[in-house]
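In: Give me a model of this one.
(one chain, ligands or ions: 1)
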Amino acid sequence: MPTPADFGAKQLPCGNGHLHWVIPQKDSNSCGARALRMALIEMGLGDDTPTADQLLPYMIVGKLGVTSRVLRSAVDMAMDGYVLEEIGHGDAFGKALREGGDLGTPIVAYCDAFKDGQKEGGHWVTVARRNQKGRGSWETFCVLDPASGKVYTVPISKAGVGLFSFRATDVRPDADRARWDLVLKAGLKFVKNART
Ligand SMILES: [Zn+2]
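Out: Next up, the predicted model:
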């Protein structure tokens, strides 16, 4: 039986007592396929669903990368048991992250990406787990990032905003010193498909 390591995933500790499989992206357009694949692995569907490389051809990549509509249709085509549903942004996103004691299923989250403070476009990450409550309306979540190939503990407010950052040199030592800020703001959740 293949394991996630066979298709480029690395198992990393998050600092909250879990191990997560993270798949580094190969180019700037593949974050959506990888975020979706990491969510499927978190759901225990590591072996019986298409890999990120098999998912990518299902996805039409536009000027702004992969849209949420494209991710939803990839799940329709690739999976029987679930559909992806739009959560939206703001309070709806913050609330969906706080449903139940832990996330029932991971949330595929959309970020605005900023390079040295300049908006560079959008990015997809996987919100894998909900951790203990933080101060006030903030709670922390385990976020799997295909761009850096790392896992972050990210505070996300009740109003549905979270932020994590890294330097390009954290990913490749020979890269420029650019600082990337990723602002989580919306997402998609898995819902059991009533038709099956
Ligand atoms: Zn974790």
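In: is any part of the stretch of helix or strand residue 21 belongs to close to the ion?
Out: According to DSSP states H and E, residue 21 maps onto strand 19-22. No - judged by CB under 5 Å from the ion, strand 19-22 and the ion are separated, with a smallest distance of 5.6 Å. Glycine gets a C-beta too; all of them are placed from N, C-alpha and C.
In: Could you give the average pLDDT over that strand?
Out: Averaged across strand 19-22, pLDDT comes to 95.
In: Tell me the bridge partners for the residue nearest in space to the middle of the chain.
Out: Per CA atoms, centre = their mean, the C-alpha nearest to the average position across the chain is that of residue 126, at 1.8 Å. When bridges are called by DSSP bridges, residue 126 pairs up with residue 108, residue 144.
In: measure it to residue 153 for me?
Out: Residue 126 sits at a distance of 14 Å from residue 153 (criterion: CB to CB, to the nearest Å).
In: which of the residues in the strand holding residue 21 are buried?
Out: If you call a residue buried by 16 or more other CB atoms under 10 Å, then strand 19-22 has these buried ones: 20, 21, 22.
In: Using CSV, lay out those together with distance to residue 43.
Out: CSV is the format used below for the buried residues of strand 19-22 (distance: CB to CB, whole Å):
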residue, distance to residue 43
20, 12
21, 11
22, 15
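In: which among those gets closest to residue 166?
Out: Set against residue 166, the nearest of these by CB to CB is residue 22 (12.9 Å).
In: Residue 147 is in contact with that closest one, correct?
Out: No - checked against CB atoms under 8 Å, the pair residue 22 and residue 147 is beyond contact range at 10.6 Å.
In: next helix or strand past the least confident helix or strand in the chain by mean pLDDT?
Out: The weakest-scoring helix or strand in the chain, judged by mean pLDDT, DSSP states H and E, is helix 52-55 (a mean of 76). Next helix or strand after helix 52-55 toward the C-terminus (DSSP H and E): helix 68-78.
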